[in-house]
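> Okay, sequence plus prediction incoming.
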Amino acid sequence: MSLPPAAARRQLKHRRQIDVQVFARDDGLWEVDATLVDTKTRDARLASEVRTAGTPIHDMLIRLVVDTSLNVVDAGARTRWMPYAGHCDDHGEAYRSLIGLNLARGFRKGLQERVGGVLGCTHITELAQVLPTAVIQAFAGEVIDTRGDSGVKPFQLDRCHALRSDGEVARLHYPRWFRRPGAVLDTSGSPE
């Protein structure tokens, strides 16, 4: 696979770390904590102050509570480090507006409508865009049937180039759901 070669001499200037953790709760709901942290390897002159190298420019957390149908039942965000204290963290309860969205159906569009632009924080809103696939990955094999054992086509088929129903991975690992190129699936979801 093609990857541009890294230069022999290069110097790290900025690091953005994104971490997403998904927790099962005792009440049957799931919590999703996502953090974004930006740091610089040099002192950074901000409009409000100078941040020393390694001190976060941004450190933000968004938490969603979701049910097993991928519905957002609670949400909130916190800004811990920011360039404009008292302003960047003044988004109030904006991220509670995500309650009612579904991570698998229209989440990113709803996210932009509810907290995009000046309605929320650019960084938190951008961070939230990775949450659907992270939660689906957490649910895989535990909440979502990824083998098709329940008689329903596995969720992941036809959602990526490697997992095409007419591809080699489907033929080898999901033979029940494999279809020859050009074949049509019947209404039961079984290959014709």
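Happy to help now that I have it.

> alpha carbons only for contacts and neighbour counts from here, please
OK.

> which residues of this protein fall in helices?
In the chain, helices defined by DSSP state H lie at 107-115, 122-128, 131-139, 168-173, listed in chain order.

> Relative to Thr35, which of these is closest?
Among the helices of the chain, helix 122-128 comes nearest to Thr35, with 7.6 Å by C-alpha to C-alpha.

> contacts for that closest one?
Ile18, Ala34, Thr35, Leu36, Met60, Leu61, Ile62, Ala77, Leu111, Gln112, Val115, Gly116 (C-alpha atoms under 8 Å, 6 or more residues apart in numbering).

> tell me the domain ranges of this protein?
Residue ranges for the domains of the chain, per the TED database: 14-139, 145-182.

> Kindly present these as JSON lines, with separate columns for mean neighbour count.
As requested, those are arranged in JSON lines below (neighbours: other C-alpha atoms under 10 Å):
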{"stretch": "domain 14-139", "mean neighbour count": "17"}
{"stretch": "domain 145-182", "mean neighbour count": "16"}
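
> Worst mean pLDDT among those?
Of all the domains of the chain, domain 145-182 carries the lowest average pLDDT, namely a mean of 88.

> Might one say that Asp38 is in contact with His14?
Yes - here Asp38 reaches His14: they are 7.2 Å apart, a contact under C-alpha atoms under 8 Å.

> Alpha carbons only: can I get stretch 32-47 in PDB?
The C-alpha trace of stretch 32-47 is given here as PDB (Å, rounded to 0.1, in the frame of the first residue of the first chain):
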ATOM      1  CA  VAL A  32     -18.800   7.000  25.300                       C
ATOM      2  CA  ASP A  33     -16.000   9.300  26.500                       C
ATOM      3  CA  ALA A  34     -14.000  11.000  23.700                       C
ATOM      4  CA  THR A  35     -11.100  13.400  24.400                       C
ATOM      5  CA  LEU A  36      -9.100  15.600  22.200                       C
ATOM      6  CA  VAL A  37      -5.800  17.000  23.400                       C
ATOM      7  CA  ASP A  38      -3.600  19.400  21.300                       C
ATOM      8  CA  THR A  39       0.000  20.100  22.500                       C
ATOM      9  CA  LYS A  40       3.000  21.900  20.900                       C
ATOM     10  CA  THR A  41       6.600  21.000  21.300                       C
ATOM     11  CA  ARG A  42       7.500  24.700  21.700                       C
ATOM     12  CA  ASP A  43       6.100  27.500  23.700                       C
ATOM     13  CA  ALA A  44       3.000  28.800  22.000                       C
ATOM     14  CA  ARG A  45       2.100  32.500  22.000                       C
ATOM     15  CA  LEU A  46      -1.700  32.600  22.200                       C
ATOM     16  CA  ALA A  47      -3.800  35.800  22.200                       C
END
